[in-house]
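Asks: Sequence plus the predicted model coming up.
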Amino acid sequence: KKPEQAKNWLRRAISANPKDPRGALMLAQVLAGSGKNSAAAGVLTQAVKSRPDVFELYARLADARLAAGDKKGAADAIRGALLRAPDPKDKKLDERSRVAALETNVALHLALGRIYGNSNQPKQAQAEFQIAHQLDTKDAQSLSLLARAQLQNKDSAAGIKSLEDSLQRDSKQPSERHLLAQSY
């Protein structure tokens with residue numbers, strides 16, 4: 001209810017402990033809530049520099065840049081995260097770390113695909129959704145997004161197949177059923 005006071009306290013928290021990403025995440029949320037998306041992106045850019053291993057920072061940075069109208073900057077944020085994300089195929093990772101790395105990579109590729117889709121770059125979107133699907137072949141969401149990109153790219157047969165596969169994995173997707181019916 002008092003965003004100016006919140007901003008001051010959060011800036012103090014960031015100054016006191018710049019390695020803790022929570023202050024930057026909260027300050028960015030307050031700034032974005034006030035419509036100051038460029039300022040939120042600036043806070044998150046600094047936080048990424050001090051904590052490049054916190055992938056939530058990249059996702060929020062991409063959101064802030066998108067809200068500020070910077071689609072290229074949003075895509076760059078996600079690409080930066082992908083460069084730093086652990087490889088889920090790394091044999092040195094334990095099972096828990098491997099699962100976390102897989103989830104991180106899938107989420108980042110889906111986010112990048114959405115950014116490309118919103119930027120009228122359906123071929124790049126399709127490529128990102130395909131990578132996400134290859135990483136986790138059981139994920140219905142990546143197949144659903146892949147299908148939409150394929151249909152947007154005028155590849156009806158592939159889009160229909162991906163929609164059918166997505167519905168086999170998760171039959172409770174009414175929008176996908178509707179899109180499939182339209183695609184036939």
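Replies: Sure, I can see it. Numbers count the residues shown, from 1 in each chain.
Asks: CA atoms for contacts and neighbours, from now on please.
Replies: Fine.
Asks: so who does Asp63 touch?
Replies: Ala74 (Cα atoms under 8 Å, 6 or more residues apart in numbering).
Asks: Arg51 versus that one, what's the distance?
Replies: 18 Å (Cα to Cα, to the nearest Å).
Asks: Of all residues in the chain, which one is nearest the centre?
Replies: Ala111 (2.8 Å; Cα atoms, centre = their mean).
Asks: which helix is the longest one in the protein?
Replies: For the chain, the helix that runs over the most residues, judged by DSSP state H, is helix 95-118.
Asks: avg pLDDT for the helix or strand following it?
Replies: Next helix or strand after helix 95-118 toward the C-terminus (DSSP states H and E): helix 122-135. In this model, helix 122-135 has a mean pLDDT of 96.
Asks: Off-centre distance for helix 122-135?
Replies: Offset of helix 122-135 from its chain centre (Cα atoms, centre = their mean, to the nearest Å): 13 Å.
Asks: for stretch 84-104, same thing?
Replies: Per Cα atoms, centre = their mean, the centroid offset for stretch 84-104 relative to its chain is 17 Å.
Asks: what does stretch 68-85 give?
Replies: The mean C-alpha position of stretch 68-85 is separated from the chain mean by 9 Å, Cα atoms, centre = their mean.
Asks: do the same with stretch 161-171
Replies: 22 Å.
Asks: What are the buried residues along it?
Replies: Using 16 or more other Cα atoms under 10 Å as the test for burial, stretch 161-171 gives Ser162, Leu163, Glu164, Asp165, Ser166, Leu167, Arg169.
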